[in-house]
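Colleague: mind folding the following:
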Amino acid sequence: MKKTTLFRKLIQDPEILLLPCCHDGLSARVLEQSGFKAIAAAGYGLSGSLLGMPDIGVLTASEMITQYGHICSAVNVPVLVDLDTGFGDVNNVIRAVRDCEKAGVAGLFLEDQTYPKRCGHMAGKSVVSVEEYLPKLKAALWAREDPDLVIMARTDSCAVYGIEEAVRRARIYAEAGADMIFVEAVHTTEDMRKVNSALAESNTPSMANMIEGGRTPFLSAGELQELGYSVVAYPCGSVFAAVKALQRWAGYLKEHGTTRGYRDQMLSFDEYFEFIGVPAVREREKRFR
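Modeller: Residues are numbered from 1 along each chain as shown. You can find the predicted model right below:
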């Protein structure tokens, strides 16, 4: 089964889909080996991993999509990716969608923030009008060559204009043909129900975004499913965990001048050898000797 077809099926399954975000091929392999059915990659993690910078729209389209290709090549599970605001006008959106397909993604999403965008849980966001966003969404839907490629519309209007405007936009984007809707930074469980009740009219799946310390109530997958969500993403955990682990390792090394006493907090050389797939590579090499 194609990854796009599988991802579409996972979204439609009765059980909510957990979608942790990776930030590179290494973290993607960790998530796959942990048993997740699909994963995601987004600007928050990529900005930190590639540039050491916050998610403020400084990554270029080529930087993001090249990294998406590396991630998709590293794993066998479907990958949902972030296209920010589309990197320009409808022509940029068309190119980005087709480049993402070549990179092997199973789905992507496009947001209605102004450029340069910023993390959806940062203050000071602004959004374009519906009339400015819709041509980009329609261009993305038109550009895909694989009809199973999932295209999700994201709106950041809740933080700017309130929940009623966010619900209105969610309905419009669903009616325009988006396969899934993502209303970012919803502040209450009551508003989360409003979003999903509105989308139930068109039977359009929606995605929740769980950020540790973010503006949205931090709920369990079961609670989110009860509220009507089909998918829940975890966009920041991989970089939060990675930075914390590296800080501890670096701090120990700086203090002690060795990591001899820290080994129980790390993979061994042989464990990493196994994790990264060296035995399979060595077996593959034998076929050509």
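Colleague: only C-alpha atoms from now on, for both contacts and neighbour counts.
Modeller: Noted.
Colleague: wasn't residue 181 part of a helix?
Modeller: No: remark: residue 181 does not belong to a helix; assigned using DSSP: H, G, I helix; E, B strand; the rest coil, it is strand.
Colleague: so in terms of bridging, what pairs with it?
Modeller: Residue 181 forms beta bridges with residue 153, residue 206, as assigned by DSSP bridges.
Colleague: right, and it touches residue 156 too?
Modeller: No: using Cα atoms under 8 Å, residue 181 is not in contact with residue 156; the gap is 11.3 Å.
Colleague: next up, phi/psi of residue 227, please.
Modeller: Backbone torsions for residue 227, taken as degrees, to the nearest 10, come to phi -80, psi -10.
Colleague: who touches it in this structure?
Modeller: Residues near residue 227 by Cα atoms under 8 Å, 6 or more residues apart in numbering: 189, 192, 193, 196.
Colleague: what do you get if the cut-off is 10 Å, keeping everything else the same?
Modeller: The contact partners of residue 227, by Cα atoms under 10 Å, 6 or more residues apart in numbering, come to 189, 190, 191, 192, 193, 194, 195, 196, 197, 208, 221.
Colleague: burial check on the fourth one, number of neighbours?
Modeller: Each residue near residue 192 was counted by other Cα atoms under 10 Å, and the total is 22.
Colleague: need the contact list for it.
Modeller: Per Cα under 10 Å, 6+ apart, neighbours of residue 192: 163, 167, 183, 185, 186, 208, 216, 217, 224, 227, 228, 229.
Colleague: of the residues you listed, which belong to strands?
Modeller: Among the contacts of residue 192, the members found in strands (DSSP state E) are 183, 208.
Colleague: make TSV out of the contacts of residue 192 and add distance to residue 127 and pLDDT.
Modeller: Below are those laid out as TSV (distance: Cα to Cα, whole Å; pLDDT from 0 to 100):
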residue	distance to residue 127	pLDDT
163	14	97
167	14	97
183	13	98
185	13	92
186	15	96
208	19	98
216	19	93
217	22	95
224	26	98
227	26	98
228	25	97
229	24	98
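Colleague: could I get the contacts of residue 192 as JSON lines with distance to residue 279?
Modeller: Listed next are the contacts of residue 192 as JSON lines, based on distance: Cα to Cα, whole Å:
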{"residue": "163", "distance to residue 279": "52"}
{"residue": "167", "distance to residue 279": "51"}
{"residue": "183", "distance to residue 279": "43"}
{"residue": "185", "distance to residue 279": "44"}
{"residue": "186", "distance to residue 279": "46"}
{"residue": "208", "distance to residue 279": "38"}
{"residue": "216", "distance to residue 279": "43"}
{"residue": "217", "distance to residue 279": "43"}
{"residue": "224", "distance to residue 279": "40"}
{"residue": "227", "distance to residue 279": "45"}
{"residue": "228", "distance to residue 279": "43"}
{"residue": "229", "distance to residue 279": "40"}
